[in-house]
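In: Provided below for reference: sequence and predicted model.
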Amino acid sequence: MVNRWRGDVALEIDGQRHVMRLTLGALAELEDALEADSLVALIERFETGAFRARDVLALLLAGLRGGGWTGSAADLAQAEIAGGPVAASRAAAELITRAFAGADDGAV
């Protein structure tokens, strides 16, 4: 079940629905994987549209792991994501938005 207030985002991979969330551990993994100077720098990549496919995959992987998925980066890279690259990018952006939006910010 997706809980928006907890920062959950759903993603369908290979025909199966998964719940993603960015836990503190997942965020630390994400920073390391993308060699980002800070989380703010990563957020700015998405806000300005300067993100790369690698950023999307790393963000989705971190969110999936935060949601309990045990697959690898290679598994995700080979998987079929419902809606393709556009849906993957939207889910990644929504995931990072929900992770940093306060409950009273009016974030959806």
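Out: Thanks, I have it.
In: In the protein, where is pLDDT below threshold?
Out: Low-confidence segments of the chain (pLDDT under 70): 102-108.
In: And stretch 12-24, how far out from the chain middle?
Out: Centroid separation for stretch 12-24 versus its chain: 9 Å, with C-alpha atoms, centre = their mean, to the nearest Å.
In: Using CSV, write down the CA coordinates of that stretch.
Out: Only the C-alpha atoms of stretch 12-24 are listed here, as CSV (Å, rounded to 0.1, in the frame of the first residue of the first chain):
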residue,chain,number,x,y,z
GLU,A,12,5.5,-1.3,-11.8
ILE,A,13,8.5,-3.4,-12.8
ASP,A,14,8.2,-6.5,-15.0
GLY,A,15,4.5,-6.5,-14.4
GLN,A,16,4.7,-6.3,-10.6
ARG,A,17,3.9,-3.3,-8.5
HIS,A,18,6.5,-2.1,-6.0
VAL,A,19,6.4,0.6,-3.3
MET,A,20,9.5,2.9,-3.2
ARG,A,21,10.5,5.2,-0.4
LEU,A,22,13.7,7.1,0.4
THR,A,23,14.9,6.1,3.8
LEU,A,24,18.0,7.7,5.3
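In: Buried residues, it. List them.
Out: Using 16 or more other C-beta atoms under 10 Å as the burial criterion, the residues of stretch 12-24 that qualify are Ile13, His18, Val19, Met20, Arg21, Leu22, Thr23. (Each C-beta comes from the backbone N, C-alpha and C, glycine too.)
In: which residues are contacting it?
Out: Residues outside stretch 12-24 that contact it (C-beta atoms under 8 Å, 6 or more residues apart in numbering): 1-2, 6-11, 30, 60, 62-64, 66-69, 76, 79-83, 91, 95-96, 98-99.
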